[in-house]
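K.L.:
Got a predicted structure here, sequence first:
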Amino acid sequence: MRGPPASPKKKLFFFAGGVLLLSSCVTGAALRQRALGVDADVKVARDQNAQSCASRDLAVAEANLRFARLELDQGDAFRAEEHLKLAEPAARSAVANSRDCGKVTVLIREKEAPPPPPPVAAAPRVALKDTDGDGVPDLDDLCPEVPGPASNHGCPVFTDKDGDGVPDDIDRCPDVPGPKENFGCPWPDRDGDGVPDKDDQCPDEPGPADNHGCPRKMALVVVRKDRIEIRQRVNFKPARSVILPDSFELLRQVAQVIKDAPRISVRIEGHTDNVGKLKTNLRVSQARADAVKDFLVKQGVEAKQLDAQGYGPTRPIASNATRVGKSLNRRVEFRIIEPGAK
């Protein structure tokens, strides 16, 4: 039994979707065809010994052709076309500039009249051509049309400010080192645990590399995207900043979480209820936050990862009108923050 005919809107939607898919395929195929053309020019240039006469053009063409194909493999046609726009003219220039590669023009001066004493003819002088004027004769210059120091065989020294092996002219992040596969940029790491997102099975929760970037399972601690959640209170002596022994294991687990993610920063927050003077509560909460920081540092946490702040009664999470509410407000919290943030 046939269903009702498709509405005009649905037909238009299917048609538009098909056109979009076809357009995407055509674009990718066209870009790959252009890449084949660049590849052919690069081969011709290499056969003509372009690495000696047009090394820069050849290097730019090869690098951008490689990046264009990587982008096509990753489905990014826009970036692939940007690289092809750089590769195509460079490849054509490499072919054009390498046609006469290896030819050397030698100019020989006419013999000069020998001086009377002694009656011996002077040896002829030979002037070697130096097209780029860099002081390296074309005969010895691997880049005769681009000036460069003799120490680099007459070729320019491409700068690499970040020292990652990717020249600055094709490095997308020239001031930050990164792998060649990512065009000289570091891999993103959203949770700051030192495990790149591409390898991190928990990219929004910091964890060690040996656990695939995921936090370890601990009885008293749970790692969230914005905080380290503790399942027990941090207990202190009344009105003082001395941590009681029954909180030591809890804080050891907190320390292990932070050590597992050396790039994160944590703000230790001390809070109180509203009993007593505001100034006194602020002082006590700051002293308790500092005491927790000192404990974590003694457990091996880097001090630069920690910031201790006492807020006193200014940030309650429950009503101070009840005993239970006051108990909840007396607490220590661990917030994951951006490095340098307060």
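P.N.:
Alright, I've got the coordinates. Because the structure is predicted, anything quoted here is derived from the model rather than measured.

K.L.:
Just give the nearest non-adjacent residue to residue 248, would you?
P.N.:
Leaving aside its chain neighbours, residue 248 sits nearest to residue 295 (7.9 Å; criterion: Cβ to Cβ, 6 or more residues apart in numbering). All C-beta spots, glycine's among them, are computed from the backbone N, C-alpha and C.

K.L.:
For that neighbour, give its distance to residue 149.
P.N.:
58 Å (Cβ to Cβ, to the nearest Å).

K.L.:
More neighbours: which of these two?
P.N.:
residue 295 (19 against 13; other Cβ atoms under 10 Å).

K.L.:
Would it be right to say that the more buried one lies in a strand?
P.N.:
No - counting by DSSP: H, G, I helix; E, B strand; the rest coil, residue 295 is not part of a strand but helix.

K.L.:
So the residue nearest the centre of the chain: helix, strand or coil?
P.N.:
For the chain, the residue nearest the mean C-alpha position is residue 186 (1.8 Å; Cα atoms, centre = their mean). When classified by three-state DSSP, residue 186 comes out as coil.

K.L.:
residues touching it, list them.
P.N.:
Contacts for residue 186 (Cβ atoms under 8 Å, 6 or more residues apart in numbering) come out as 173, 176, 177, 178, 179, 196.

K.L.:
can you rerun that using 10 Å?
P.N.:
Residue 186 makes contacts with 162, 164, 173, 176, 177, 178, 179, 196, as judged by Cβ atoms under 10 Å, 6 or more residues apart in numbering.

K.L.:
And residue 140, how far from residue 156?
P.N.:
16 Å.

K.L.:
now do residue 186
P.N.:
Counting by Cβ to Cβ - residue 186 and residue 156 are separated by 27 Å.

K.L.:
which other residues reach stretch 198-211?
P.N.:
Stretch 198-211 has contacts (Cβ under 10 Å, 6+ apart) with 182, 187-197, 212-217, 222-226, 228, 256-264, 266, 336.

K.L.:
what comes up buried for it?
P.N.:
Within stretch 198-211, the residues scored as buried using 16 or more other Cβ atoms under 10 Å are 200, 202, 203, 205, 206, 207, 208.

K.L.:
Please apply the same query to stretch 242-256.
P.N.:
For stretch 242-256, the neighbour count (16+ other Cβ under 10 Å) marks 243, 247, 250, 251, 253, 254, 255, 256 as buried.

K.L.:
Same question for stretch 291-298.
P.N.:
Using 16+ other Cβ under 10 Å as the test for burial, stretch 291-298 gives 291, 292, 293, 295, 296.

K.L.:
now, which of those residues sits nearest residue 79?
P.N.:
The closest of those to residue 79 turns out to be residue 296 (Cβ to Cβ; 43.6 Å).

K.L.:
Touching, the closest one and residue 248? I think so.
P.N.:
No - Residue 296 is beyond contact range of residue 248, at 11.5 Å (criterion: Cβ atoms under 10 Å).

K.L.:
returning to that earlier point: state the pair within the buried residues of stretch 198-211 that is farthest apart.
P.N.:
For the buried residues of stretch 198-211, the maximum inter-member distance is 14.0 Å, found between 203 and 208 (Cβ to Cβ).

K.L.:
where do the strands sit along this structure?
P.N.:
106-108, 126-128, 221-223, 227-230, 265-271, 306-312, 331-337 (DSSP state E).

K.L.:
hmm, back to that, CSV please, covering the buried residues of stretch 198-211 and showing distance to residue 300.
P.N.:
As requested, those are exported to CSV (distance: Cβ to Cβ, whole Å):
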residue, distance to residue 300
200, 23
202, 23
203, 25
205, 21
206, 16
207, 17
208, 14
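
K.L.:
okay, those in CSV with distance to residue 73 and pLDDT next?
P.N.:
Shown next, in CSV, are the buried residues of stretch 198-211 (distance: Cβ to Cβ, whole Å; pLDDT from 0 to 100):
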residue, distance to residue 73, pLDDT
200, 22, 89
202, 27, 90
203, 22, 89
205, 30, 84
206, 31, 86
207, 30, 85
208, 31, 87
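
K.L.:
Kindly indicate which of the residues you listed lies nearest residue 305.
P.N.:
Using Cβ to Cβ, residue 206 comes nearest to residue 305 of the buried residues of stretch 198-211, at 11.1 Å.
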